[in-house]
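Peer 1: Have a look; sequence and predicted model below, questions after that.
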Amino acid sequence: MVTQSLDDMLKDQIFLGRGVRYFTAALDIDLAPPTPASTSPSTRPAFVTPANTTSLYFTTDDGKSYFPLEATNKPPFMHEGKFAYRAHVFSTDGGKTGWVGYISKFSPISAEALIRRPGETAWTPVSSPGRW
């Protein structure tokens, strides 16, 4: 059962900026990769989904490149001698090309994820108002 959450509603506004439309609850589900059958802006994907829905994208070079790994990896973790962070990849051409919109990690002293944009050095809690 989905429960209402003021926190989820505010995160929805911060991340997606829907304006007058908002949702008071959120439900995370895994979907199959989108098919590029339509090119209209209202139906094409806004983000790039890894080919395997049990995978997520990660980066070791501040978002310059990204690679899929098992979704069970909790960033930061060591990958080929470097720290890997979760890369949130977006696209405007139906998934042909993508870019890292922001990077996230978990902290041992914080219950929530920390995020930052590529090129920035400061990590900010996801719930920081007005940040995104």
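Peer 2: Right, received. Where do you want to start? Numbering: from 1, shown residues only.
Peer 1: any idea how far residue 11 is from residue 122?
Peer 2: With distances taken as C-beta to C-beta, to the nearest Å, residue 11 is found 19 Å from residue 122. For every residue, glycine as well, the C-beta is placed using N, CA and C.
Peer 1: ok, these two, which is more surrounded?
Peer 2: When neighbours are counted by other C-beta atoms under 10 Å, residue 11 and residue 122 differ, and residue 11 comes out ahead with 16 against 7.
Peer 1: element containing that one, please.
Peer 2: Using DSSP states H and E, residue 11 sits within helix 6-16.
Peer 1: what's the burial count for the nearest residue to residue 122 once chain neighbours are set aside?
Peer 2: Among residues not flanking residue 122 along the chain, residue 116 sits closest, at 6.3 Å (C-beta to C-beta, 6 or more residues apart in numbering). Using other C-beta under 10 Å, residue 116 has 18 other residues around it.
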